[in-house]
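Trainee: below is the sequence, then the predicted model.
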Amino acid sequence: MKTVIVILISLISFSGISQTPYQKGMQKALDLWSAKKPIEAVNLFERIAKAEPDKWLPAYYVSYILVIEGFSEKDEAKLKSQMDKAMLFMNDAKAIAKDEVDIKLLDALWYTVWVAHDGAVYGMKYGGKVSGIYQEAIAMAPNNPRVILNKAEWDIGGAKFFGQSTEPFCKEILRAIELFEDFTPKGEFYPQGGKDRAQKLIEENCN
């Protein structure tokens with residue numbers, strides 16, 4: 001099953017005068033990522049994570065970027081090293097904020113990278129685990145559009161792999177698009193994108 005999930009994260013602008021060093025660092029790291037400089041962004045997020053050990057978002061973004069970049073890495077040895085590092089930072093984020101649903105989504109994406117890398121080897125090994133994680137995420141935040149979108153994309157991948165209808169999951173993506181209209185992140189620098197991805201999935205899978 002080849003499922004590549006790319007979640008776009010919108011950036012929030014802040015006044016340079018009122019920003020703390022943490023805010024300035026986070027915004028700069030997000031800007032680097034937006035400018036397609038993932039290595040530089042990861043390095044900066046990593047430094048912020050070390051300087052702000054009580055904040056989960058810097059460690060989350062280190063892991064998230066490494067995971068997203070993992071979808072395009074073909075060399076298994078390099079992928080393993082990258083994903084091992086992603087897991088370490090994801091665990092750091094979990095230790096600070098284990099009840100954050102975006103960490104749960106990241107966990108599912110981590111396993112999805114391996115399924116996408118080699119479905120024959122990792123599909124059976126991790127497929128059930130990914131589905132289980134998404135069930136937990138839905139239970140945690142049933143009306144979170146990012147949760148609904150990620151789960152629906154995973155389900156569409158499974159449906160297409162087994163030759164089944166994608167219609168039920170297309171309905172879920174449409175529901176996610178509606179929920180994105182009123183979606184407000186819980187806090188500063190929280191992940192919040194996904195609507196554009198949802199619309200693209202509708203065009204690719206549901207027409």
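Mentor: Perfect, I can see it now.

Trainee: tell me the buried residues in the helix or strand harbouring Leu201?
Mentor: Element membership for Leu201 (DSSP states H and E) is helix 195-205. Across helix 195-205, burial judged by 16 or more other CB atoms under 10 Å covers Lys195, Arg197, Ala198, Leu201, Asn205. In this view, the C-beta of every residue, glycine as well, is placed from N, C-alpha and C.

Trainee: and the pLDDT for Phe161?
Mentor: Looking at Phe161, its pLDDT stands at 86.

Trainee: helix, strand, or coil at the spatially most central residue of the chain?
Mentor: Here the mean C-alpha position of the chain is nearest to the C-alpha of Leu106 (CA atoms, centre = their mean), at a distance of 4.8 Å. Recorded secondary structure, Leu106: helix (DSSP: H, G, I helix; E, B strand; the rest coil).

Trainee: what helices or strands is the helix holding Leu201 leaning on?
Mentor: helix 145-161, helix 167-180 (3 or more CB pairs under 8 Å, 6 or more residues apart in numbering; DSSP states H and E).

Trainee: could you pull out the buried residues of the last one?
Mentor: Looking back up the chat, that one is helix 167-180. Buried-residue list, helix 167-180, by 16+ other CB under 10 Å: Phe169, Cys170, Glu172, Ile173, Leu174, Arg175, Ala176, Ile177, Leu179, Phe180.

Trainee: now do stretch 117-133
Mentor: Buried-residue list, stretch 117-133, by 16+ other CB under 10 Å: His117, Gly119, Tyr122, Gly123, Tyr126, Gly127, Val130, Ile133.

Trainee: same question, stretch 66-86
Mentor: Buried residues in stretch 66-86 (16+ other CB under 10 Å): Leu66, Val67, Ile68, Glu69, Gly70, Phe71, Glu73, Leu79, Gln82, Met83, Ala86.
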